[in-house]
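Asks: sequence first, then the predicted structure:
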Amino acid sequence: MSDRGNFGTRLGIILATAGSAVGLGNVWRFPFIAGHNGGAVFILIYIGCILLLGIPGMVSEFIVGRHSQANAARAYGHIAGGRRLWRAVGYLGILTASIILGFYAVVAGWCLQYLVASLLGNVQGDADYVTHYFQSFSTNPWKPTLWAVAFVVITHMVVARGVQKGIERAAKLLMPLLFVLLVIIVIASCSLPGAMAGVEFLLRPDFSKVSHSVLLEALGQAFFSLSLGTACLCTFASYFSRDTNLLRSAGQIALLDTLIAIMAGLMIFPAAFSVGVQPDSGPSLIFITLPNVFQQAFGQMPLVGYVIGVLFYALLVFAALTSTISMHEIGTAFFTEEFHLPRKKGAWIVTTVCSLLAVLCSLSIGNSDEISLFGLPLMYFCDFLTAQIMLPAGAFLTSLFVGWFVDQRLLYDEFTNQGTVSLAFFRAYQFSVRFVVPLCIGLIFLHQFGII
Ligand code: TRP
């Protein structure tokens, strides 16, 4: 392996991959998309997408990456036996990941700002104050923009050094801590007056609330949350060892990721119902409800509320960072290897492009109505374009690719680690990437665009 960045231990690699999966997608995006789509029904469809399409999709990317041991574009080209057309799937992935980094950095920047503000005690107040605080902050012309750029630059500093022991060690410590803290906040949130309505919203399906776009939104969210469809997993798998069990790793990461998303739901909705914030209030949902939890649930013990608030935003920033690192790494690995650049230079290209995009995204919801595409502020347009179009398209193409174009003997060898994993699993996987995944994604697309 070259200087593409090395992980020291096998646990580190799995943790880094899990770190890529667990992020704002779970804690920020999942609750507001679920809230927008009626709660429980959405979650059922979401879990279906993870099991039926997500896990096979993850395994496919793992196979391409581990077999090729190269950046995304080269990996697809290599495993296609030199048919250059397939490199395009790698390029698509690199482009998608860079766009995601652009708007993701904006929300990550909000988290950073909330970390600082909660340290200074500035987000403490009643529900009206907290709502007003978010609105005046997010529409401020320059503050959120600076935080977003700062976040890209922090990501840059980690990636340029190589994804090394620091991150690995930090991940081993901080991921479990995030988990423990989530449990505490879930309990606090559920103990607020009137919280049970939120639990019910999450767990009791109400089919009348389902909108026609729910399928594609669930699919997009599932892929976004698993980091699937951009060759991100493929890039990480290029660092896997020969005896990593790909199916088991995919299953473990998907389970952890889904668990954290559902816990985030249990953290947000009970509190939202308790303080009267609408569950479909969109991207601001967590920024408005959580300060209320910290304030109200720990009203008798303000210091505890303060500490939990600060810790929470610190861990959220960390979870976002392990995700932005993975997005950044895709482009950096590509530029470094394909153009024979020093790693630092490769990383700078990605940082420059993504910072520019982050500035535009941030301004588009801040104070400029002009930065919009198809009637959506650039920020939400990028979110829609990537999660609901580019990620499913990437997964669709990867699935066709491994199912129909890659030498099936190679697929078998990679999937089973040279025959050490059961043949039955391989058959099921093969069936799924050949038929189930492309058909389901294809049908969901056709449905969404009104063709069926
Ligand atoms: N999965 C991450 C999250 O849930 C986001 C993410 C990281 C991502 N890397 C990605 C999404 C690559 C798509 C592609 O926050």
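Replies: Nice, thanks for sending it over.
Asks: helix/strand/coil for the closest residue to the ligand within the chain?
Replies: Using C-beta to the nearest ligand atom, the single residue of the chain nearest to the ligand is residue 25, 2.1 Å away. C-beta coordinates here come from the backbone N, C-alpha and C atoms, glycine included. Using DSSP: H, G, I helix; E, B strand; the rest coil, the secondary structure recorded for residue 25 is helix.
Asks: so what's it up against?
Replies: Residues near residue 25 by C-beta atoms under 8 Å, 6 or more residues apart in numbering: 221, 224, 225, 261, 323.
Asks: in helices, which of these fall?
Replies: Judged by DSSP state H, the subset of the contacts of residue 25 located in helices is 221, 224, 225, 261, 323.
Asks: and the pLDDT at the first one?
Replies: In this case it means residue 221. Looking at residue 221, its pLDDT stands at 95.
Asks: equivalent analysis for the fourth one, please.
Replies: Note on residue 261: pLDDT of 95.
Asks: next, count neighbours for it.
Replies: Neighbourhood size, residue 261 [other C-beta atoms under 10 Å]: 27.
Asks: wait, isn't it in contact with residue 226?
Replies: No. Using C-beta atoms under 8 Å, residue 261 makes no contact with residue 226, being 10.4 Å away.
Asks: tell me, how many residues neighbour residue 434?
Replies: 16.
Asks: the ligand contacts on the stretch 251-400 of the chain?
Replies: Residues of the stretch 251-400 of the chain found near the ligand (C-beta under 6 Å from any ligand atom) are 323, 326, 327.
Asks: quick one: which of those residues has the lowest pLDDT value?
Replies: residue 326 (88).
Asks: mind checking which helix or strand that residue is in?
Replies: If you go by DSSP states H and E, residue 326 is part of helix 302-338.
Asks: from the chain's centre, how far out does that helix sit?
Replies: Centroid displacement of helix 302-338 relative to its chain, using C-alpha atoms, centre = their mean, to the nearest Å, is 11 Å.
Asks: same deal with stretch 143-156?
Replies: Centroid displacement of stretch 143-156 relative to its chain, using C-alpha atoms, centre = their mean, is 18 Å.
Asks: burial of residue 11, as a residue count?
Replies: What residue 11 shows, counting by other C-beta under 10 Å, is a neighbour count of 12.
Asks: the helix or strand where it lies near the ligand at all?
Replies: Taking DSSP H and E as the criterion, residue 11 maps to helix 10-21. Yes. Legend: contact between helix 10-21 and the ligand by C-beta under 6 Å from any ligand atom is shown at 20, 21.
Asks: which residues sit against that helix?
Replies: 7, 163, 165, 167-168, 171-172, 175, 225-227, 232-233, 236-237, 239-241, 244, 249, 252-254, 256-257, 319, 322-323, 325-326.
Asks: all strands of the protein, in order?
Replies: Remark: strands assigned in the chain by DSSP state E are 372-373, 376-377.
Asks: deepest-packed of the ones you listed, please.
Replies: Most buried of the strands of the chain by mean neighbour count (mean count of other C-beta atoms under 10 Å) is strand 376-377; its value is a mean of 18.
Asks: neighbouring strands for that strand, and are they parallel or not?
Replies: Strand 376-377 has the following strand partners under DSSP bridges: strand 372-373 (antiparallel).
Asks: coming back round to it: take the contacts of residue 25 and write them to TSV, including distance to residue 103.
Replies: Listed next are those as TSV, based on distance: C-beta to C-beta, whole Å:
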residue	distance to residue 103
221	15
224	11
225	15
261	19
323	13
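Asks: just give me the closest of these to residue 395.
Replies: Proximity of these to residue 395 (C-beta to C-beta) peaks at residue 224, which lies at 11.0 Å.
Asks: so that closest one sits right up against residue 389, yeah?
Replies: No. Using C-beta under 8 Å as the test, residue 224 is too far from residue 389 to be in contact (11.8 Å).
Asks: which one of those two is surrounded by more residues?
Replies: Between residue 224 and residue 389, counting by other C-beta under 10 Å, residue 224 is the more crowded of the two (26 against 15).
Asks: confidence score at the more buried one?
Replies: For residue 224, the model assigns a pLDDT of 95.
Asks: also the one 3 residues further on?
Replies: Residue 227 is assigned a predicted lDDT (pLDDT) of 94.
Asks: pretty sure it contacts residue 323?
Replies: Yes. Applying C-beta under 8 Å, one finds residue 227 in contact with residue 323, separated by 7.3 Å.
Asks: more crowded one of the two?
Replies: More crowded of residue 227 and residue 323, by other C-beta under 10 Å: residue 227, with 31 against 26.
Asks: dump the residue contacts of residue 68.
Replies: 74, 75, 76, 78, 79, 238.
Asks: now intersect those residues with the helices, please.
Replies: Per DSSP H, the contacts of residue 68 map to helices at 74, 75, 76, 78, 79.
Asks: now the buried members of the contacts of helix 10-21.
Replies: Neighbour-count burial (16 or more other C-beta atoms under 10 Å) is assigned, among those, to 7, 163, 167-168, 171, 175, 225-227, 232-233, 236-237, 239-240, 244, 249, 253-254, 256-257, 319, 322-323, 325-326.
Asks: right, and residue 101 touches residue 329 too?
Replies: No. Contact criterion C-beta under 8 Å: residue 101 and residue 329 do not qualify, at 10.3 Å.
Asks: between those two, who's got more neighbours?
Replies: For residue 101 versus residue 329, neighbours defined as other C-beta under 10 Å are more numerous around residue 101 (30 against 27).
Asks: wait, what's in contact with that one?
Replies: Per C-beta under 8 Å, 6+ apart, neighbours of residue 101: 152, 155, 324, 327, 328, 350, 354, 357, 358.
Asks: is it true that the third one touches residue 148?
Replies: Spelled out, it's residue 324. No. Using C-beta under 8 Å, residue 324 is not in contact with residue 148; the gap is 10.7 Å.
Asks: hey, what's in contact with both of those two?
Replies: Common neighbours of residue 324 and residue 148 (C-beta under 8 Å, 6+ apart) are 105, 108.
Asks: so those two - more neighbours on which side?
Replies: Using other C-beta under 10 Å as the criterion, residue 324 and residue 148 rank with residue 148 on top: 29 against 25.
Asks: what sits against the residue nearest to that one when sequence neighbours are not counted?
Replies: Excluding the flanking residues, the one nearest residue 148 by C-beta to C-beta, 6 or more residues apart in numbering is residue 109, at 3.7 Å. With contact set as C-beta under 8 Å, 6+ apart, residue 109 has these partners: 144, 145, 146, 147, 148, 149, 150, 151, 358, 362.
Asks: which of those residues has the most neighbours?
Replies: Per-residue neighbour counts (other C-beta under 10 Å) across those peak at residue 362, which has 32 neighbours.
Asks: give me the distance between that one and residue 102.
Replies: For residue 362, the distance to residue 102 (C-beta to C-beta, to the nearest Å) stands at 9 Å.
Asks: and what of residue 232?
Replies: Using C-beta to C-beta, we find residue 232 at a distance of 15 Å from residue 102.
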